[in-house]
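Visitor: Okay, sequence plus prediction incoming.
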Amino acid sequence: MTLPADGTDREPEPSLGEPQGPGIPRLVRAGQTWHLLVDGAPYLSVGGELHNSSPSSPAYMAPIWDRLERNGVPSVIGAASWQLVEPEEGTFDFTAVDDQVEQARSRGMRLVLIWFGSYKNADSAYAPTWVRRDEERFPRAERDPERLLTGRFTIDGPALSVFAEELLEADARAFAALLRHLREIDPGHTVIAVQVQNEVGLLGDSRDRSPLAEAAWAAPVPVELLSGLAARAGHLHPWVADLWARHGSRTQGTWAEVFGEGRDAEEVFMSWAFSRFVGRVAEAGMAEHPLPMYTNAWLGPQPNAPEPGQYPSGGPVSRMIDVWQIGAPRLAFLSPDIYVDDFAGAASGYAVAGNAVFVPEARPEAGLLFLTLGRFRGIGFHPFGVEDLPDGHELFDAYAAIRGMHGIIAQAQESGAIHGFSVESGQEERVSFGGYDLTISGPLDTRGMFGEGTGSAAEPLTGYGLLIHTAPDEFLVVARGAWVRFSRPDAVVELDRLTEGTYRDGEWTPGRVLNGDERYFMFPRDGIRTVRIELLRRPRRS
């Protein structure tokens, strides 16, 4: 998706290929957010991502599917490996893909597939042997040994050059074959989106030094990129705007002339190359089956990896979002894989430039789910390694609590009448929302108000949840381990009526009316509770 010259959001460009039917999943702009439409209705893709190798074996996955169903996981991110899909050039095997689609379909789950093609975590180990063996057709990226960068991860995997046209064409043909196959076997759209490659970029150096890359570096910067940056004047990411301005905001010239000689310029150069590669592979797939497509980022810079090359140089990190949107305009969105402590800070870097927030990898914490849905109006959240989570994990409880509320949450996201929070014990968050000033506190202590729980380290010390403003003087709160207080400067505010309940298919089923002690601690630490809160305002006496 791209931004017009005035910086306002617009719809993603139409997919290539056949027209989209009413049932094909798609991304649409809706008020203050985006909706992922599945079967014509907004869908929140929440669940988990499988370990990379798990989907390669139907036998290995069989008990995992049973456990995911038992725990009510709504959607799963699986994988299609180029190595398995095209083991010999022109010969295709979709056994592992077919099993994932059938297992998800039979359980009423939705599936997102990752295309592990030429790039996965900045190397090319998922490319088939016939690709990696033929270095004449598919040359490797080269690093400058005098400038070699090291980070957290050892650089020992194969890295194919993103500048190799034959690699792009081979990857695109295989991806098109996969999407054509999905169109044929999945008329009901169990598969709702596809991730194209995984955490692309180059580790060990800020740019590829192979002969193909050197020729591209010495060539003029493509007019498409420069005109796209100019069209976003005043709305560019500040880092890109500053880099360009420091070198005269030139509208023509080589990469070194326009952006400089250093690693920063080289990151822009690699971002353009990778965005064009991923975008063209995605377009080949869309021509066969126009599902929403996206790609994801290994975050950087980070304190322990401040230089491009210590994190994958050229990936869709937040400061490269403009370059990526210009280079790959058909991608529906760009996504962060968030493992850093500052989840909110990382997510906010992707809630910009008309980008929908979809988190394909994160730590398995329920509070992060509610931040994604409420604070960033996200359309997806999938912690990594979901098959490792034990039965009864807090995430499964959270998915159960919102199962019947997807439409209500989506409507609140559209109007902006929603807020997500995650507050540690002893901390407070203040927010003005729905005409009220709210103070949200974390758990009171390690035991809870009446000593419920053991106070052990295994129990959460974080309060989290969603607040939805449903009507004047009325809020719906889904939360655990939190205390919410309401105030207004012009009135005395009382809790009037508190009704516990649940949603089933969007319909409210009331339960207990909370009063007495429960009025002051509505959301204990022993489980997620949904409460409709009605407030009474009285004039404040002078």
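Guide: Received it, and whenever you're ready, just let me know what you need.
Visitor: now the stretch 151-300 of the chain, which segments are flagged as low pLDDT?
Guide: Low-confidence segments of the stretch 151-300 of the chain (pLDDT under 70): 151-155.
Visitor: Okay, buried residues for stretch 167-183 please.
Guide: 167-168, 170-172, 174-179, 181-183 (16 or more other CB atoms under 10 Å). C-beta: built from backbone N, CA, C; applies to glycine.
Visitor: Check stretch 403-423 too.
Guide: In stretch 403-423, counting by 16+ other CB under 10 Å, buried: 403-406, 408-414, 417-423.
Visitor: any idea of the mean pLDDT for whichever strand in the chain runs longest?
Guide: For the chain, the strand reaching the highest residue count under DSSP state E is reported as strand 491-504. On average, the pLDDT along strand 491-504 is 96.
Visitor: List of residues touching that strand?
Guide: 403-405, 408, 436, 473, 486-487, 508-515, 518-519, 522, 529-540 (CB atoms under 8 Å, 6 or more residues apart in numbering).
Visitor: Show me these that map onto strands.
Guide: Those of the contacts of strand 491-504 lying in strands (DSSP E): 436, 486-487, 508-514, 529-539.
Visitor: Dump stretch 401-417 to CSV, keeping only the CA atoms.
Guide: Provided in CSV are the C-alpha atoms of stretch 401-417 (Å, rounded to 0.1, in the frame of the first residue of the first chain):
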residue,chain,number,x,y,z
ALA,A,401,-12.9,-14.4,26.4
ILE,A,402,-13.0,-12.5,23.1
ARG,A,403,-14.2,-15.4,20.8
GLY,A,404,-17.7,-14.0,20.5
MET,A,405,-16.5,-10.4,20.4
HIS,A,406,-14.6,-10.0,17.1
GLY,A,407,-17.3,-7.9,15.5
ILE,A,408,-17.7,-5.7,18.6
ILE,A,409,-14.0,-5.2,18.8
ALA,A,410,-13.7,-4.4,15.1
GLN,A,411,-16.5,-1.9,15.3
ALA,A,412,-14.9,-0.2,18.3
GLN,A,413,-11.5,-0.1,16.5
GLU,A,414,-13.3,1.6,13.5
SER,A,415,-14.7,4.4,15.7
GLY,A,416,-11.7,4.7,18.0
ALA,A,417,-13.8,3.6,21.0
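Visitor: got the contact list for residue 414?
Guide: For residue 414, the contact set (CB under 8 Å, 6+ apart) comprises 30, 31, 32, 33, 35.
Visitor: Equivalent analysis for residue 486, please.
Guide: By CB under 8 Å, 6+ apart, the contact list for residue 486 reads 436, 437, 438, 475, 493, 495, 533, 535.
Visitor: try it again with 7 Å
Guide: 436, 438, 493, 535 (CB atoms under 7 Å, 6 or more residues apart in numbering).
Visitor: what does the model give the closest residue to the second one other than its chain neighbours for pLDDT?
Guide: Among residues not flanking residue 438 along the chain, residue 431 sits closest, at 5.2 Å (CB to CB, 6 or more residues apart in numbering). In this model, residue 431 is scored at 97, pLDDT.
Visitor: tell me the phi and psi of residue 431?
Guide: phi -150, psi 140 (degrees, to the nearest 10).
Visitor: The one 4 residues further on now?
Guide: Dihedral pair for residue 435: phi 80, psi 10, per degrees, to the nearest 10.
Visitor: try residue 121
Guide: According to degrees, to the nearest 10, residue 121 has phi 50, psi 50.
Visitor: just the strands in the stretch 1-150 of the chain please.
Guide: Using DSSP state E, counting those that start in this stretch, the strands of the stretch 1-150 of the chain run over 26-30, 33-38, 41-42, 45-49, 75-81, 110-120.
Visitor: mind checking which of the ones you listed is nearest residue 100?
Guide: strand 75-81 (4.4 Å; CB to CB).
Visitor: and the angle from that closest one to strand 45-49?
Guide: 50 degrees (axes from the mean of the first three to the mean of the last three CA atoms, to 10 degrees).
Visitor: isn't residue 162 right up against residue 277?
Guide: Yes - counting by CB atoms under 7 Å, residue 162 touches residue 277, with 5.1 Å between them.
Visitor: where does the nearest residue to residue 190 once chain neighbours are set aside sit relative to residue 185, distance-wise?
Guide: If the residues on either side of it in the chain are set aside, residue 190 comes closest to residue 105, at 4.4 Å by CB to CB, 6+ apart. Going from residue 105 to residue 185 by CB to CB, to the nearest Å gives 10 Å.
Visitor: Buried only: go through the ones in strands among the contacts of strand 491-504 for me.
Guide: Looks like those have 436, 486, 508, 514, 529, 530, 531, 532, 533, 535, 537 buried, using 16+ other CB under 10 Å.
Visitor: Can you report how many residues lie near the spatially closest residue to the third one that is not a sequence neighbour?
Guide: The spatially closest residue to residue 508, leaving aside those adjacent along the chain, is residue 501, at 5.7 Å (CB to CB, 6+ apart). Using other CB atoms under 10 Å, the number of residues around residue 501 comes to 16.
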